[in-house]
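1. sharing a model prediction with you, sequence too.
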Amino acid sequence: MKHVNYKWLLIGILSYIASSIVASALFSIAVMFMFGHIDPSQLKTVQPTATIFDIGEPLIGFTAAILVAYWLARKTLETQTKTIWFYACFLSIYGLVSILVTPSEELMSGSLKLLAPWVIAILARKWAENTQK
């Protein structure tokens with residue numbers, strides 16, 4: 001398709017994966033230092049760190065997704081208009097795989113993983129349009 005820049009799409013996908021992994025690792029290390037008295041293998045199951053992870057990890061994913069989507073929209077907005085929608089499609093497939101791997105997730109959380117990428121793409125596109133003027 002001539003309206004999709006596959007080079008920037010691949011760079012965007014790899015940037016999302018890399019940035020979310022690095023941010024999650026740094027977040028986990030910070031929580032380990034903050035709660036040094038809790039065994040590191042139990043951080044995700046013991047309160048209050050379980051709640052911190054329940055809130056922090058989705059925020060990291062959302063922040064990485066919106067920043068990469070904005071960057072991708074800025075790079076491809078004028079010539080390859082559909083690239084951002086392919087990025088949203090990748091994020092939806094990534095969310096679907098996540099739902100299938102962890103079937104114990106709630107319906108609301110699972111549906112957000114499928115719908116949020118499209119909202120992120122719309123917001124990033126509007127943000128890029130407004131900052132390029």
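-> That came through, no problem. Numbers count the residues shown, from 1 in each chain.

2. pull the contacting residues for S19.
-> Residues in contact with S19, defined by CB atoms under 8 Å, 6 or more residues apart in numbering, are A64, L67, V68. To be clear about C-beta, it is placed using only N, CA and C from the backbone, and glycine gets the same treatment.

3. quick check, pLDDT for the last one.
-> Put plainly, it is V68. Note on V68: pLDDT of 95.

4. helix or strand: which one has the residue nearest to it when sequence neighbours are not counted?
-> What sits nearest to V68 in space, not counting adjacent residues and going by CB to CB, 6 or more residues apart in numbering, is Y16, at 4.5 Å. Using DSSP states H and E, Y16 falls within helix 6-34.

5. and the next helix or strand past the helix or strand S98 falls within?
-> Using DSSP H and E, S98 sits within helix 83-101. The element immediately downstream of helix 83-101 (helix or strand, assigned by DSSP H and E) is helix 107-132.

6. just the buried positions in that next one, please.
-> G110, L112, K113, A116, P117, I120, A121, A124, R125, A128 (16 or more other CB atoms under 10 Å).

7. so who does the nearest residue to the last one once chain neighbours are set aside touch?
-> By that I understand A128. Using CB to CB, 6+ apart and skipping residues adjacent in sequence, the residue nearest A128 is A73, 3.7 Å away. Counting by CB under 8 Å, 6+ apart, A73 touches I84, A121, A124, R125, W127, A128, E129.
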